[in-house]
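K.L.:
build the 3D model from these lines:
(one chain, ligands or ions: 1)
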Amino acid sequence: MGIVLGPNRYGKAETRLVRVHRDGETHGLVDLNVSIALSGDLAATHLTGDNSGVLPTDTMKNTVYAFAGRHGVAEPEEFALLLARHFVDSQPQVHGAKVSIESFAWDRLGPHSFRRRGDHVRTTVVSVSAAGTQVVSGVTGLVLLNSTDSEFHGFVQDEFTTLPPATDRILATAVDARWRHAGDDADWAASFEGALEALIGAFTGTYSYSLQQTLYAMGAGVLENRPEVAEVRLALPNKHHYLADLSPFGLDNPNEVFIAGDRPYGLIEGSVAREGAPTATAEWWL
Ligand SMILES: O=c1[nH]c(=O)c2[nH]c(=O)[nH]c2[nH]1
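P.N.:
A predicted model of the protein is given here:
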């Protein structure tokens with residue numbers, strides 16, 4: 001029986017970096033969680049423990065801090081590109097680099113005071129290899145709710161179906177969205193803000209007959225507003241809200257009192273792409 005080493009990669013996960021940009025009295029703050037995964041000629045260390053081609057993950061962590069000091073940290077996409085290209089260009093045995101960054105936003109309270117924004121997290125995943133350079137931006141944990149303009153009926157009924165048709169329900173989700181850029185050069189800040197606005201606008205502006213329909217509208221909204229984006233992928237948990245039965249208390253409930261469900265939840269996932277856009281050069285998501 002032959003045994004072979006399969007695909008592998010390694011790197012430092014979740015390097016936490018806070019960078020203060022001191023511009024006189026007024027400071028800027030960048031707060032990142034950086035994960036690096038390198039792939040390439042790594043068979044020797046797996047098969048014999050020969051580490052001559054292994055750049056320590058500790059060095060990768062140091063590189064994050066060194067680059068933050070030397071170059072500053074502007075947009076996460078830019079910082080991820082800088083790191084990914086560095087590892088592929090400087091290490092002949094490294095053929096692919098994937099740098100994933102979570103960015104935590106801080107709102108300004110004063111020239112040097114900040115309050116961490118508690119809701120969504122901005123994400124980026126940059127992949128550099130001979131196949132190309134791919135930049136994916138995204139957002140996770142963006143919790144949205146419409147208290148009306150959502151229906152769900154006309155669905156399949158089988159012997160196990162008990163769900164009543166809904167003609168006026170709450171639609172709520174925690175958006176996990178990623179969008180793949182056609183190129184590797186963009187105004188990353190404007191692109192992110194525009195995509196976020198398009199996602200929110202499509203969620204709030206769609207009269208929905210299913211979360212699937214809302215998902216498509218959100219993906220299409222990003223593509224319509226952001227020409228630099230090639231494909232949008234979304235994972236939308238359906239945060240169910242169940243109408244509370246108040247009849248035991250002699251009360252009616254005209255769609256006002258709800259039980260916020262926790263689990264299980266519906267999970268609606270899908271991709272919306274621009275026809276003719278460049279295809280992905282690295283595995284990304286879904
Ligand atoms: O928007 C919805 N899509 C579904 O597929 C589904 N299934 C379900 O039970 N409720 C819902 N709601």
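K.L.:
give me the neighbour count for Gly261.
P.N.:
14 (other Cβ atoms under 10 Å). Every residue, glycine included, has its C-beta placed from N, CA and C.
K.L.:
retrieve the pLDDT associated with the residue lying closest to it once chain neighbours are set aside.
P.N.:
Spatial nearest neighbour of Gly261, excluding adjacent residues (Cβ to Cβ, 6 or more residues apart in numbering): His240 at 3.9 Å. The predicted local confidence for His240 comes out at a pLDDT of 98.
K.L.:
if I pick His240, what's in contact with it?
P.N.:
For His240, the contacting residues are 261, 265-266, taking Cβ atoms under 8 Å, 6 or more residues apart in numbering as the criterion.
K.L.:
identify those among these that sit within strands.
P.N.:
Assignment to strands by DSSP state E places the following of those there: Gly266.
K.L.:
for the contacts of His240, which one is nearest the ligand?
P.N.:
Compare each of the contacts of His240 with the ligand using Cβ to the nearest ligand atom and the shortest gap goes to Gly266, at 4.9 Å.
K.L.:
give me the pLDDT value at that closest one.
P.N.:
The predicted structure lists Gly266 with a pLDDT of 98.
K.L.:
look up which residues are beta-bridged to it.
P.N.:
Assessed by DSSP bridges, Gly266 has beta-bridge partners Asn238.
K.L.:
list the contacts of it.
P.N.:
Remark: with contacts taken as Cβ under 8 Å, 6+ apart, Gly266 is in contact with 211, 237-238, 240.
K.L.:
distance to Leu246 for the contacts of His240 - can I get that in a markdown table?
P.N.:
Putting these into a markdown table (distance: Cβ to Cβ, whole Å) gives the following:
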| residue | distance to Leu246 |
| --- | --- |
| Gly261 | 17 |
| Tyr265 | 24 |
| Gly266 | 25 |
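K.L.:
so which of the contacts of His240 reach the ligand?
P.N.:
The overlap between these and the neighbourhood of the ligand (criterion: Cβ under 6 Å from any ligand atom) consists of Gly266.
K.L.:
I'd like to know which of the contacts of His240 is nearest to Phe67.
P.N.:
Using Cβ to Cβ, the shortest approach to Phe67 within the contacts of His240 belongs to Tyr265, at 39.3 Å.
K.L.:
can you get me a residue count around the closest one?
P.N.:
By the other Cβ under 10 Å criterion, the neighbourhood of Tyr265 contains 15 residues.
K.L.:
mind checking how far it is from Leu211?
P.N.:
Between Tyr265 and Leu211 the computed distance is 10 Å (Cβ to Cβ, to the nearest Å).
K.L.:
go on, Thr15?
P.N.:
Spatial separation of Thr15 from Leu211 under the definition Cβ to Cβ is 35 Å.
K.L.:
quick check: what element follows the helix of greatest length in the chain along the chain?
P.N.:
In the chain, taking DSSP state H as the definition, the longest helix is helix 188-205. In the C-terminal direction, the helix or strand that comes right after helix 188-205 (DSSP states H and E) is helix 211-225.
K.L.:
need the phi and psi values for the residue of the chain most remote from its centre.
P.N.:
When each C-alpha in the chain is compared with the mean C-alpha position (Cα atoms, centre = their mean), Gly250 comes out farthest, at 45.9 Å. Note on Gly250: backbone dihedrals following degrees, to the nearest 10 are phi 70, psi 20.
K.L.:
now the one 4 residues further on
P.N.:
Phi and psi for Pro254, reported as degrees, to the nearest 10, are phi -80, psi 60.
K.L.:
the closest residue to Gln212 other than its chain neighbours and Arg85, how far apart?
P.N.:
Distance criterion Cβ to Cβ, 6+ apart; nearest residue to Gln212, sequence neighbours excluded, is Ile268 at 5.5 Å. When Cβ to Cβ is the yardstick, Ile268 and Arg85 sit 36 Å from each other.
K.L.:
likewise Leu246?
P.N.:
Distance of Leu246 to Arg85, computed by Cβ to Cβ: 60 Å.
K.L.:
more neighbours: the two, which one.
P.N.:
When Leu246 and Arg85 are compared on other Cβ under 10 Å, the one with more neighbours turns out to be Arg85, at 16 against 12.
K.L.:
that one: what's it in contact with?
P.N.:
Applying Cβ under 8 Å, 6+ apart as the definition, the contact partners of Arg85 turn out to be 97, 128, 133.
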